[in-house]
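Visitor: here's my sequence, what's the structure:
(2 chains)
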2 protein chains.
Amino acid sequence: MSKFKRSQRIAMMVMEFLFSANKNFSLNYFCEKYDVAKSSVSEDLQKINKSFQEQGLGMIVSNIGASGGAYFKPSISKSETQKFLETLKNKLQSKERILPGGYLYYSDLIFNPKITNYLGLIFASRYIDEEIDYVLTMETKGIPIAMATANYLNSEVVVARRESKVTEGAVVTINYVTGSTRRIQSMSLNKRSMQPGKRVLIIDDFMKAGGSAKGLYELTKEFNCIIAGIGVVIDTEIPQQKMVDNYFSLLKLKKVNEITGEIEIEIGGK
Amino acid sequence: MSKFKRSQRIAMMVMEFLFSANKNFSLNYFCEKYDVAKSSVSEDLQKINKSFQEQGLGMIVSNIGASGGAYFKPSISKSETQKFLETLKNKLQSKERILPGGYLYYSDLIFNPKITNYLGLIFASRYIDEEIDYVLTMETKGIPIAMATANYLNSEVVVARRESKVTEGAVVTINYVTGSTRRIQSMSLNKRSMQPGKRVLIIDDFMKAGGSAKGLYELTKEFNCIIAGIGVVIDTEIPQQKMVDNYFSLLKLKKVNEITGEIEIEIGGK
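Guide: Below you'll find the model as predicted:
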C-alpha cells in the first residue's frame, strides 16, 4: 500500500519536475520514493504530461524500459509566446520609458521574476535540444535572463565582467570594439569558469551592433568551447549589419523618437 | 462534468502556485478555469497543501469564504536548510577555491540555478511575512540570489550599479566607504526604480565589514523606503563589528589559509 494517494503523489512529482527541468529521473526513483509499482508511475507520468501540455509549459518525455526514466522538457507554444511578447511590447512602448539620448528604460521589466521566467522559458524552448552546458552572458542586465534560461535548460550561468576584480583570481581578458560607438572595451572571464569542449549558449538583453555578443563569441572560442546559439531579447533595426550572424531575437526596436515620444517595436526580431 | 480529472487538475494547480508564489488566487478563478464546484477546489487545496508540506517547500494557505482564496507560502524546514547548507559548506571548503590574496572562488555556485533557487527559498522563508515590495542588491554576484528570493516573495528586484550608465537615465548616487579597505566608492540607482514608502529587502552574496550593505541601506533611505531586512549568504568572522546591525547570514567564513589551503566555514552565520 502506497504512502500517498495518487493525486498527492502527482502533485509532488510535478514539483520535482518543475524544480529540475531537463533532468532525467529514473522510474525506480519514483517507485521507491512513493512505494508504488512501475505501472502506476507510468500512468502518473501520462497524466502529468497532459497537465504540462494543457498548461502550455512543455511536456514530460518518458522512456518506459528497464532503464527507463522521464524528464520535463520545457516548451512554450507559439501562441503563448506571441501573447507574452505582445504584452511586453506594449509595456516597452510606453513613452515614459524614453531616456535622454533616446535610450529605453526597461530594467524594471528585466528584473521582474515573472517576466524573466517567461523569457527564460522562450529561450529554453528554442535551445532545449542543443545540450547546453553553459549559458554565458555579460554583466549586468543579461544575468536575470541567463539565470532563468539556464534554470529550464538544467545548465549553469557564466558571467563575463567589464573589469576584472582582485577577488576573482586569474581571468582571461579580451578586447572588443563596441559596434555602435567604435570604442575599445574589454571583458573578462574567470579561467575556471568553463571547461573546454562544452556547449555554450550566449544570452543578452539588448543588441545594437552586436559588439558585446561578438566579444562573448570570441571569449567562448578562447575557452575552446562550442557556440550553440546566441539569443537576445531586443535587437535594433539599425545598423542592419550586426557583428554576429545567426542570432535569435524576440523583439526588434525600430524607432525611438525623443521629441514625439514615439517608440516602435516589432515582435519577432530575427 | 469537469473538463479535467482531479489528478490532472491538481497537477495544473501546483504549476500555477509554483509559478506565482505568494500570489493569491481566488477560489472562483479555479472554479471557472476547471469548471468545478468550490467544494472540489477546497478538497484539492487540502491535498496540494499536504504535498507541498511533504515535499518541504512550504504550504498552501487557504481562506475559505465568500471572497476566499489561496496562495503558496514558501517555507523551507530547519532540517532541510541545515542539510542544504552542509552541502554548500563542504563545496566551499574545497581548497582549490582559494584564490591569490586569500579570496574564495564561488561564482560557479552562486550562478548555478539549483543552488540559487535553494538560497532564494531560504531567504524568502525568513522574510515572507514582511510584505517585501523590492529586493535590492548590488551588481554583480548578488543578482541571481536576489532574483530567486524575489521570485518566491512575488516582488521585484532592483540593482544598484557601481557606475552610472548613459543608457540608464537619471540616477541617485551615493558615496560610501568600503569597510575593509576604507576606500570611497559610489553606487547608483535609477531614480525610477523604487516608489517611496515601499518595503525593501537587501540581499547580497558576501559581507566582510558591511560597507556595501551600508551603502544599500543609505540608498534605500534616499528613496524614502523602509528597510525590512538584510540577508547575506556568507559573512566573515573578522571584523566582528560590521557597519550594519540586524542582518541575517547563512554561513560564516572563519578562516582562509592560503599556505595550508585550510578553509573554515560555519553554518548559521548570524
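
Visitor: where in the stretch 1-150 of chain A is pLDDT low?
Guide: Residue ranges of the stretch 1-150 of chain A with pLDDT under 70: A:1-2.

Visitor: A:Tyr152 and A:Tyr127 touch, don't they?
Guide: No - with contact defined as CB atoms under 8 Å, A:Tyr152 does not count as touching A:Tyr127 (9.4 Å). Every residue, glycine included, has its C-beta placed from N, CA and C.

Visitor: which one's more surrounded, the two?
Guide: With neighbours defined as other CB atoms under 10 Å in any protein chain shown, A:Tyr152 and A:Tyr127 compare such that A:Tyr152 has more, 28 against 21.

Visitor: flag every buried residue along the top helix by length along chain A.
Guide: With residue count as the measure and DSSP state H as the assignment, chain A has helix A:38-55 as its longest helix. Neighbour-count burial for helix A:38-55 flags A:Ser40, A:Val41, A:Asp44, A:Leu45, A:Lys47, A:Ile48, A:Asn49, A:Lys50, A:Ser51, A:Phe52, A:Gln55 (criterion: 16 or more other CB atoms under 10 Å in any protein chain shown).

Visitor: look up how far chain B lies from A:Tyr118.
Guide: Counting by CB to the nearest CB, to the nearest Å, the gap from A:Tyr118 to chain B is 10 Å.

Visitor: ah, wrong one, I meant A:Phe17
Guide: Counting by CB to the nearest CB, the gap from A:Phe17 to chain B is 9 Å.

Visitor: hey, C-alpha coordinates of the strand or helix carrying that residue in PDB?
Guide: Here A:Phe17 is covered by helix A:6-19, with elements defined by DSSP states H and E. Extracted C-alpha coordinates of helix A:6-19, given in PDB (Å, rounded to 0.1, in the frame of the first residue of the first chain):
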ATOM      1  CA  ARG A   6      -2.400   9.200  -6.400                       C
ATOM      2  CA  SER A   7      -3.300  12.900  -6.500                       C
ATOM      3  CA  GLN A   8      -0.800  13.700  -3.800                       C
ATOM      4  CA  ARG A   9       1.900  11.800  -5.400                       C
ATOM      5  CA  ILE A  10       1.200  13.500  -8.700                       C
ATOM      6  CA  ALA A  11       1.400  16.900  -7.000                       C
ATOM      7  CA  MET A  12       4.800  16.000  -5.600                       C
ATOM      8  CA  MET A  13       6.100  14.700  -8.900                       C
ATOM      9  CA  VAL A  14       5.100  17.900 -10.600                       C
ATOM     10  CA  MET A  15       7.100  19.900  -8.000                       C
ATOM     11  CA  GLU A  16      10.200  17.800  -8.700                       C
ATOM     12  CA  PHE A  17       9.900  18.100 -12.400                       C
ATOM     13  CA  LEU A  18       9.500  21.900 -12.200                       C
ATOM     14  CA  PHE A  19      12.400  22.200  -9.800                       C
END
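
Visitor: what's the first helix or strand after the helix or strand hosting A:Thr149?
Guide: When elements are assigned from DSSP H and E, A:Thr149 belongs to helix A:143-153. Using DSSP H and E, the helix or strand that follows helix A:143-153 towards the C-terminus is strand A:156-160.

Visitor: list the buried residues for the helix or strand just after that next one?
Guide: Next along the chain after strand A:156-160, taking DSSP H and E as the criterion, comes strand A:171-177. Within strand A:171-177, the residues that count as buried by 16+ other CB under 10 Å are A:Val171, A:Val172, A:Ile174, A:Tyr176.

Visitor: strand A:171-177 close to chain B?
Guide: No - for strand A:171-177, no contact with chain B is found by CB under 8 Å from any CB of the partner chain; the gap never falls below 10.7 Å.

Visitor: how far off centre is that strand?
Guide: Remark: strand A:171-177 is offset 24 Å from the chain centroid, using CA atoms, centre = their mean, to the nearest Å.

Visitor: pLDDT of the following helix or strand past that strand, averaged?
Guide: Using DSSP H and E, the helix or strand that follows strand A:171-177 towards the C-terminus is strand A:184-190. Confidence for strand A:184-190, expressed as mean pLDDT, is 93.

Visitor: and strand A:184-190, what does it pack onto?
Guide: strand A:156-160, strand A:171-177, helix A:211-222 (3 or more CB pairs under 8 Å, 6 or more residues apart in numbering or on different chains; DSSP states H and E).

Visitor: related to what we said a few turns ago, pull the longest helix of chain A out as PDB, backbone CA atoms only.
Guide: What follows is helix A:38-55, C-alpha atoms only, in PDB (Å, rounded to 0.1, in the frame of the first residue of the first chain):
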ATOM      1  CA  LYS A  38       6.200   0.900 -12.300                       C
ATOM      2  CA  SER A  39       2.900   0.600 -13.900                       C
ATOM      3  CA  SER A  40       1.400   3.200 -11.500                       C
ATOM      4  CA  VAL A  41       4.300   5.600 -12.100                       C
ATOM      5  CA  SER A  42       3.800   5.200 -15.900                       C
ATOM      6  CA  GLU A  43       0.200   6.100 -15.500                       C
ATOM      7  CA  ASP A  44       1.100   9.100 -13.300                       C
ATOM      8  CA  LEU A  45       3.600  10.300 -15.900                       C
ATOM      9  CA  GLN A  46       0.900  10.200 -18.600                       C
ATOM     10  CA  LYS A  47      -1.400  12.300 -16.500                       C
ATOM     11  CA  ILE A  48       1.300  14.800 -15.600                       C
ATOM     12  CA  ASN A  49       2.300  15.000 -19.300                       C
ATOM     13  CA  LYS A  50      -1.200  16.000 -20.200                       C
ATOM     14  CA  SER A  51      -1.300  18.700 -17.500                       C
ATOM     15  CA  PHE A  52       2.000  20.200 -18.600                       C
ATOM     16  CA  GLN A  53       0.800  20.400 -22.200                       C
ATOM     17  CA  GLU A  54      -2.600  21.800 -21.100                       C
ATOM     18  CA  GLN A  55      -0.800  24.400 -19.000                       C
END
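
Visitor: contacts for the helix or strand following it next, please.
Guide: As assigned by DSSP H and E, the chain's next helix or strand after helix A:38-55 is strand A:58-63. With CB atoms under 8 Å, 6 or more residues apart in numbering or on different chains as the test, strand A:58-63 has contacts from A:17, A:42, A:45-46, A:48-49, A:52-53, A:68-76, A:125.

Visitor: which residue is the nearest non-sequential neighbour of A:Val166?
Guide: B:Gly101 (6.2 Å; CB to CB, 6 or more residues apart in numbering or on different chains).
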